[in-house]
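In: This is a predicted model, with the sequence first.
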Amino acid sequence: MPAFSKDDLMKNISITFLILMIVWILLNNTLQIDILIPGIIIALLSSLLFCRKCEVFSDIKLTPKAFAYTLVYLIIFFIDLYKSNIDVSRRVLSPSLPINPGIVEVKTRLKSKFGRMVLANSITLTPGTLTVEVKDDSFFIHWIDVEDDEIENASKKIVEKFEKYLEVIYG
């Protein structure tokens, strides 16, 4: 495992601590100090013990622009999730609607492993699409209604809406 900088170490520990604290608060559903203190201790110890050698968050950019793009990405993702759910529900409730299932190859410009993982999961979480395999810069997607099996056109339809935001967040 390659050595990484002190800044990357602090970034990994800080992000892990923040995520663990958010989960702690959501699970306990309170901001009472007697509940927060054990959460802070557990999150801090877990972050220090388990993230000294991990580099999972090294690709994340901690800039105001990246935070803004994260919010926009989440909005775009949830809008697309909603529209996809409606589309799949219509297809289930109206069997006469045409479907044209198939596997298409799409290309990504993302270089970050974490960014590619987020992209693959975003595609999979959107009903009607499922990431079947990832090879280098190609994703193989099962699509409930293949509109175009050309790599460039399918990439625009499935990947591009997420990718432009993920590039800024993860590089």
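Out: Looks like it came in fine.
In: Now tell me which helix or strand of this structure has the poorest mean pLDDT.
Out: Ranked by mean pLDDT, DSSP states H and E, the weakest helix or strand in the chain is helix 151-158, scoring a mean of 77.
In: Mind listing what's buried along it?
Out: Counting neighbours by 16 or more other Cβ atoms under 10 Å, one finds that the buried residues in helix 151-158 are 154, 155, 157, 158. Any C-beta I mention is one placed from the backbone N, CA and C, and that applies to glycine too.
In: How about the contacts made by the nearest residue to the second one once chain neighbours are set aside?
Out: Right, the one you point to is residue 155. Among residues not flanking residue 155 along the chain, residue 106 sits closest, at 4.2 Å (Cβ to Cβ, 6 or more residues apart in numbering). Residues near residue 106 by Cβ atoms under 8 Å, 6 or more residues apart in numbering: 138, 139, 140, 141, 151, 154, 155, 158, 159.
In: hang on, residue 106 is in a helix, isn't it?
Out: No. Per DSSP: H, G, I helix; E, B strand; the rest coil, residue 106 lies outside any helix segment and is strand.
In: what ranges do the helices span in the chain?
Out: 6-28, 33-50, 64-93, 113-125, 151-158, 160-170 (DSSP state H).
In: how about JSON lines for those helices, with distance to residue 100 added?
Out: Below are the helices of the chain laid out as JSON lines (distance: least, Cβ to Cβ, whole Å):
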{"stretch": "helix 6-28", "distance to residue 100": "40"}
{"stretch": "helix 33-50", "distance to residue 100": "45"}
{"stretch": "helix 64-93", "distance to residue 100": "11"}
{"stretch": "helix 113-125", "distance to residue 100": "18"}
{"stretch": "helix 151-158", "distance to residue 100": "12"}
{"stretch": "helix 160-170", "distance to residue 100": "21"}
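In: Now do the same for residue 3: its pLDDT.
Out: pLDDT, residue 3: 56.
In: so what pLDDT did residue 25 get?
Out: For residue 25, pLDDT reads 95.
In: for it, what are its contacts?
Out: So residue 25 contacts 31, 36, 39 (Cβ under 8 Å, 6+ apart).
In: List only those of those flagged as buried.
Out: Among these, those buried by neighbour count (16+ other Cβ under 10 Å) are residue 39.
In: wait, which of the contacts of residue 25 is closest to residue 16?
Out: Residue 16 has its nearest neighbour among those in residue 39, at 13.5 Å by Cβ to Cβ.
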